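>>> Provide a 3D model corresponding to the input given below.
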Amino acid sequence: MFEDRYTGPTQESFFRRFIMNRIFVYGMLAGIIIGGGVFSAYSVISIGEDIYPEKTTSEIIESFGQLLISGDRPLAGEKNKEVNILLLGVGGNGYYGNMLTDTIIIASLRPGEKPVDTEVVLLSVPRDLWVQVPDVPGYRKINEAFLYGELKEKGKGYLLLGEVLEEWTGLVIDYYAVGNFDAFEDTIDLVGGVDVDVKQAFSDFSYPDKNKGYLPPITFEEGFQHMDGERALIYARSRKGNNGEGSDFARSQRQQKILIAFKEKLSSFNYLISMTTISKIAESISGSFTTDLELWEMKRLYDLTKEIPNQNFKTVNFDPRTTGMLCSGIDSETQLYAIKLCEGKTFGDLHNFVEERF
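As a prediction, the model looks like this:
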């Protein structure tokens, strides 16, 4: 009778458990590599759920496992010496126009044989660039494209914006990352702030708060400054500064500075960053940051960029004063400030400009 009632594992269930246990071990080992210490399965899952809310538990654990078996597996575009990542900043909850892209930067990684031969080019796109958004009548500011993409399919706004940018720049977007202001502040705070060289002092008397009002006047003095998350966000976002810092192009340059300073701070860490810090970052950006970079791709990106000297970071702006391709002014139909292709210029001309600068 006992043999008749025995319900031990069948060959099929044993094989399934073996596969799942193997994935679990991969996840555990990946955590030890990243964290420099013991990393529980719960931590693997909870952090993965923060970064990849759409993945199942088994997919999250498998993603961590891929860290161990990826080796030197190349990123998309790496074999062609060009990896393009679309970096987007949105306001998020509590901010006016919370789904408009306040920051649009294409970061192009150009891998070399050695770090000294590797370059990163940061192309900033002004929010007032007037474009045609697919399936949307007329012309719109490019910072609205993400919003229309989100209305079309939640969580996929980057696809529509990426389509527009590929048409304008001639670049192929390989990856994307979207973060809101809260994620920006928290991440900078969790790495201990950033050090930024402020080339030009300025004050902003109209910096918005979260209640449709304004903060007291903000001033940045010339010289190196240590900034926490809140201060760095104000420096990156200010649009009404005096002393020549009130344009979108000045703001784009400040945003590029913050990115480079953040990269510099990360490079100063030991590779085995403490699991506590990683856990805190993951928790702080939960619901505030999304990306299609897999974990092994993040690690590969870190490996390729961690030793690049700062002088190998180049910056490009779609500034009408320097491109010779774009013209700015008040649009006759809407009476809004707009940046457009100059008369007689084509996308091909703009593509050539981007290619030469890159």
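>>> show me where this structure has strands.
83-90, 101-110, 119-124, 130-131, 140-141, 175-180, 194-198, 202-204, 218-220, 223-227, 289-291, 313-317, 326-330, 337-341 (DSSP state E).
>>> would CSV of these with distance to residue 302 be doable?
C-beta here means a position set from N, CA and C on the backbone, and glycine is covered the same way. As requested, those are exported to CSV (distance: least, Cβ to Cβ, whole Å):
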stretch, distance to residue 302
strand 83-90, 13
strand 101-110, 11
strand 119-124, 13
strand 130-131, 33
strand 140-141, 34
strand 175-180, 13
strand 194-198, 17
strand 202-204, 33
strand 218-220, 30
strand 223-227, 23
strand 289-291, 13
strand 313-317, 15
strand 326-330, 34
strand 337-341, 34
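>>> rank the ones you listed by pLDDT, which is bottom?
Lowest mean pLDDT within the strands of the chain: strand 289-291, at a mean of 82.
>>> contacts for that one, please.
51, 53, 155, 175, 176, 177, 178, 179, 180, 183 (Cβ atoms under 8 Å, 6 or more residues apart in numbering).
>>> the last one: how many residues sit nearby?
The reference is to residue 183. For residue 183, the count of nearby residues is 23 (other Cβ atoms under 10 Å).
>>> check contacts around the residue nearest to it when sequence neighbours are not counted.
Closest residue in space to residue 183, ignoring its immediate chain neighbours: residue 288 at 3.7 Å, by Cβ to Cβ, 6 or more residues apart in numbering. Contacts for residue 288 (Cβ under 8 Å, 6+ apart) come out as 92, 179, 180, 182, 183, 186.
>>> which of the residues you listed sit farthest apart?
Greatest spacing in the contacts of residue 288, by Cβ to Cβ: 92 and 186 (11.4 Å).
>>> my guess is residue 125 contacts residue 318. True?
Yes: using Cβ atoms under 8 Å, residue 125 is in contact with residue 318, at 5.6 Å.
>>> hey, what's in contact with both of the two?
Counting by Cβ under 8 Å, 6+ apart, nothing touches both residue 125 and residue 318.
>>> about what we covered before: so among the contacts of strand 289-291, which ones count as buried?
The neighbour count (16 or more other Cβ atoms under 10 Å) marks 51, 175, 176, 177, 178, 179, 180, 183 as buried among the contacts of strand 289-291.
>>> ok, of these, which one's closest to residue 254?
Out of these, the member with the shortest distance to residue 254 (by Cβ to Cβ) is residue 179, at 16.8 Å.
>>> the nearest residue to that closest one once chain neighbours are set aside and residue 173: what is the separation?
Computed as Cβ to Cβ, 6+ apart, the closest residue to residue 179 that is not its neighbour in sequence is residue 289, at 4.4 Å. Look at residue 289 and residue 173: by Cβ to Cβ, to the nearest Å, they are 18 Å apart.
>>> what's the answer for residue 150, then?
17 Å.
>>> repeat for residue 322
From residue 322 to residue 173 the distance is 23 Å (Cβ to Cβ).
>>> please identify which of the two sits among more neighbours.
Between residue 322 and residue 173, counted using other Cβ under 10 Å, residue 173 has the larger neighbour count: 19 against 13.
>>> how many neighbours does the closest residue to the more buried one other than its chain neighbours have?
Spatial nearest neighbour of residue 173, excluding adjacent residues (Cβ to Cβ, 6+ apart): residue 162 at 4.4 Å. Residues near residue 162, counting by other Cβ under 10 Å, number 24.
>>> wait, residue 162 sits on residue 87?
No: using Cβ under 8 Å, residue 162 is not in contact with residue 87; the gap is 11.5 Å.
>>> so who does residue 156 touch?
149, 150.
>>> could I get the phi/psi values of it?
Main-chain torsions, residue 156, degrees, to the nearest 10: phi -120, psi 20.
>>> when you give positions from now on, start the count at 58
All set: I'll call the first residue 58, so the last point we hit is now residue 213.
>>> and it, how far is that from residue 219?
For residue 213, the distance to residue 219 - Cβ to Cβ - is 10 Å.
>>> repeat that for residue 258.
Relative to residue 219, and taking Cβ to Cβ, residue 258 is found at 37 Å.
>>> wait, residue 393 touches residue 387, no?
Yes: in this structure, residue 393 is within contact of residue 387 by Cβ under 8 Å, at 7.0 Å.
>>> what residues are shared contacts of the two?
Going by Cβ under 8 Å, 6+ apart, no residue sits against residue 393 while also sitting against residue 387.
>>> tell me if I'm right that residue 177 and residue 163 touch.
No: with contact defined as Cβ under 8 Å, residue 177 does not reach residue 163; the gap is 10.8 Å.
>>> any residues in contact with both of these two?
Counting by Cβ under 8 Å, 6+ apart, nothing touches both residue 177 and residue 163.
>>> tell me the contacts of residue 210?
residue 216.
>>> residue ranges in the stretch 108-257 of the chain under the pLDDT threshold?
108-128, 149-154 (pLDDT under 70).
>>> what residues go with each domain of this structure?
Split into domains by automatic domain parsing, the chain comes to 64-126, 135-328+372-414.
>>> ok so, going back, now do the contacts for the residue nearest to residue 230.
Per Cβ under 8 Å, 6+ apart, neighbours of residue 219: 143, 230, 233.
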